[in-house]
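Undergrad: heads up, no residue letters with this:
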Ligand SMILES: NC(=O)C1=CN([C@@H]2O[C@H](COP(=O)(O)OP(=O)(O)OC[C@H]3O[C@@H](n4cnc5c(N)ncnc54)[C@H](OP(=O)(O)O)[C@@H]3O)[C@@H](O)[C@H]2O)C=CC1
Ligand SMILES: O=C1OC[C@@H](O)[C@H](O)[C@H]1O
């Protein structure tokens, strides 16, 4: 896409690139206007340019985004867009800004007739996520950053990775990608049980030209390294509690793959330990860090479509039974709820404001290994006042399915009174939203009435490498590129002196854990 290419070119352009990376925010008052066939709108941190497709004589090359030390300029056919201006503030804490590009296509349905109304919209976001925090950071002073004994003010964070398995590889790639242009983060080392896997891991990256630090012979050996700032725990989940606890006790900040722990009791304990130790802890729910999810959050918080009334979410794939497979074997955390159901559950909790549901009902089938193979859950929120019309207080129902028996659509639909937000597949690593606005005709029955539908795409960011084919180490899991968003988010939290993620606070982790614990209890018919 040309705009993205233009930005990439700027970034590749030596000095300009550094400046682009250092830009902090677009501090402009909301404004809008028109330049040729392009309508523009700007508000804090976001510039939207809309080009109706019927005036399709405009080519991608006609639109150029230029950024210099403190200004951003958009040109349409070499003519600057008048009135679109603002200030881009230099960042004191490097590596905290990012550009987002969305492609939006929309169409309007009037009583079942597609009016073929279409437009393409490109949105450029400048450090939108970080923007709100800026005044707080200024108010709090940079002492809040210095509070971290180990946070290097150079902005270079030293990560240690526990476990040399599949997800660790994706996370290491995410860190490389994150640090690719500015070297904002660094893999300090990788630890595995016995060290052999870690040595292989490091060697494989080195073969592809990426130096990712040293190998350690045990997780404990790595935690003892005073140079390490933050730890990523990418081991199988029955080990999460012990491994993360050791990291916390060694005074490290810790990001733990999902699920944080396998039981509610362990989750509570680990959260309490991190809070006591004063270190950062986050369950690695990368879904929350994707730009598509940030957009959903923004829409829910704006209350544009009214209260949330229903969530329908699923995650299932076909995995023939194999007693030794990580996802089936009890010892490695096998089971549909903890591995896949986790995502639909977190979508429901997200939509209903991070609250514990008033009712949790789950049922399903067990595998020959005695773990949950397939299941469904219904969660009910009564709402604060019985109706819940404020964002995050709604009364409604979530219907969730998950399992290893068949491929499901893997979507998450959040349905409000006057519209819906559908996170398209793969919803756990989302890049596409379908936004349906029914406010023109909210009382119309399904299949009738008028509504507007917008499809917004959030393409994964281009990799700083030409190819991921061998000898480049490829991603283990679909949309692994998105690990970068999570890595960035954690770095941003640490730079701001936060001990929890504002996108996925520990209290919400506890709510998700409580729901999963209860579902697993019902699914496996374990006594209460
Ligand atoms: N966010 C996401 O989308 C995803 C998250 N995950 C999560 O990541 C975690 C790991 O999954 P994944 O990387 O696919 O798994 P792998 O089997 O590829 O790797 C798991 C690692 O766990 C370590 N481990 C520690 N103890 C044991 C043990 N007793 N048996 C087996 N392995 C052990 C091993 O580390 P060592 O190298 O030290 O031997 C191994 O490398 C899970 O908790 C899973 O839920 C997984 C996939 C996607
Ligand atoms: O967390 C997960 O998400 C993606 C799945 O493919 C994986 O098995 C699961 O553990």
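TA: Cool, the structure landed. Note that the structure is a prediction, hence the values are computed from the model and not measured. Numbers count the residues shown, from 1 in each chain. Ligands and ions are numbered 1, 2, ... in the order given.

Undergrad: next up, the contacts around the nearest residue to residue 503 once chain neighbours are set aside.
TA: Of all residues not flanking residue 503 in the chain, residue 288 sits nearest, at 4.5 Å (Cβ to Cβ, 6 or more residues apart in numbering). Where you see a C-beta, it was placed from the backbone N, CA and C, and this is true even at glycine. Residue 288 makes contact with 346, 350, 489, 501, 503, 504, according to Cβ atoms under 8 Å, 6 or more residues apart in numbering.

Undergrad: just give me the closest of those to ligand 2.
TA: Distance to ligand 2, by Cβ to the nearest ligand atom, is smallest for residue 346 among these, at 10.9 Å.

Undergrad: measure how buried that closest one is and give me the count.
TA: By the criterion of other Cβ atoms under 10 Å, residue 346 has 27 neighbours.

Undergrad: thinking again about what came up before, JSON lines please, covering the contacts of residue 288 and showing secondary structure, distance to ligand 2 and pLDDT.
TA: Formatted as JSON lines, those follow (DSSP: H, G, I helix; E, B strand; the rest coil; distance: Cβ to the nearest ligand atom, whole Å; pLDDT from 0 to 100):
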{"residue": "346", "secondary structure": "helix", "distance to ligand 2": "11", "pLDDT": "98"}
{"residue": "350", "secondary structure": "helix", "distance to ligand 2": "16", "pLDDT": "98"}
{"residue": "489", "secondary structure": "helix", "distance to ligand 2": "17", "pLDDT": "87"}
{"residue": "501", "secondary structure": "coil", "distance to ligand 2": "17", "pLDDT": "93"}
{"residue": "503", "secondary structure": "coil", "distance to ligand 2": "17", "pLDDT": "94"}
{"residue": "504", "secondary structure": "coil", "distance to ligand 2": "14", "pLDDT": "96"}
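
Undergrad: I'd like those residues as a markdown table, with distance to residue 301 appended.
TA: A markdown table is the format used below for the contacts of residue 288 (distance: Cβ to Cβ, whole Å):
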| residue | distance to residue 301 |
| --- | --- |
| 346 | 17 |
| 350 | 11 |
| 489 | 18 |
| 501 | 16 |
| 503 | 12 |
| 504 | 15 |
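
Undergrad: what does the pLDDT read for residue 526?
TA: Listed pLDDT for residue 526 reads 78.

Undergrad: tell me how many other residues surround the residue of the stretch 51-200 of the chain found nearest ligand 1.
TA: Relative to ligand 1, the nearest point of the stretch 51-200 of the chain is residue 165 (2.0 Å; Cβ to the nearest ligand atom). Residue 165 has 18 neighbouring residues, counting by other Cβ under 10 Å.

Undergrad: pLDDT wise, what is it at?
TA: 96.

Undergrad: contacts only, for the residue nearest to residue 498 when sequence neighbours are not counted.
TA: Nearest residue to residue 498, sequence neighbours excluded (Cβ to Cβ, 6+ apart): residue 280, at 6.8 Å. Going by Cβ under 8 Å, 6+ apart, residue 280 touches 230, 253, 254, 255, 274, 490, 493, 494, 498, 499, 500.

Undergrad: residues near the nearest residue to residue 214 once chain neighbours are set aside, how many?
TA: Counting by Cβ to Cβ, 6+ apart, residue 214 lies nearest to residue 189, which is 4.8 Å off, once chain neighbours are set aside. Residue 189: 23 surrounding residues under other Cβ under 10 Å.

Undergrad: and residue 189, what does it touch?
TA: Residue 189 sits in contact with 160, 161, 198, 213, 214, 215, 216, 222, 225, 228, where contact means Cβ under 8 Å, 6+ apart.

Undergrad: how near is the last one to residue 417?
TA: It stands for residue 228. 49 Å (Cβ to Cβ, to the nearest Å).

Undergrad: higher neighbour count, these two?
TA: Per other Cβ under 10 Å, whichever of residue 228 and residue 417 has more neighbours is residue 228, with 24 against 16.

Undergrad: ok, now which ones touch that one?
TA: Counted by Cβ under 8 Å, 6+ apart, residue 228 has contacts 150, 158, 159, 160, 188, 189, 222, 252.

Undergrad: dump those residues into a markdown table; add distance to ligand 1, secondary structure and pLDDT as well.
TA: Shown next, in a markdown table, are the contacts of residue 228 (distance: Cβ to the nearest ligand atom, whole Å; DSSP: H, G, I helix; E, B strand; the rest coil; pLDDT from 0 to 100):
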| residue | distance to ligand 1 | secondary structure | pLDDT |
| --- | --- | --- | --- |
| 150 | 23 | coil | 27 |
| 158 | 19 | strand | 88 |
| 159 | 16 | strand | 93 |
| 160 | 12 | strand | 96 |
| 188 | 16 | strand | 90 |
| 189 | 13 | strand | 94 |
| 222 | 10 | helix | 97 |
| 252 | 17 | coil | 93 |
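
Undergrad: got those as TSV, with distance to ligand 2 columns?
TA: Converted to TSV, those look like this (distance: Cβ to the nearest ligand atom, whole Å):
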residue	distance to ligand 2
150	29
158	26
159	20
160	21
188	25
189	24
222	23
252	23
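
Undergrad: which of the residues you listed sits closest to residue 479?
TA: residue 159 (20.6 Å; Cβ to Cβ).

Undergrad: is it true that that closest one touches residue 188?
TA: Yes. Assessed by Cβ atoms under 8 Å, residue 159 is found in contact with residue 188 at 5.9 Å.

Undergrad: which neighbours do the two share?
TA: Listed as contacting both residue 159 and residue 188 by Cβ under 8 Å, 6+ apart are 228, 229.

Undergrad: skipping adjacent residues, who's closest to the residue of the stretch 301-450 of the chain found nearest ligand 1 in space?
TA: Here the stretch 301-450 of the chain gets closest to ligand 1 at one residue, residue 326, 4.8 Å apart by Cβ to the nearest ligand atom. Nearest-residue entry for residue 326: residue 332, 4.4 Å, with adjacent residues in sequence omitted and distances by Cβ to Cβ, 6+ apart.

Undergrad: got a pLDDT number for the one you found?
TA: Per-residue confidence at residue 332 stands at 98 (pLDDT).
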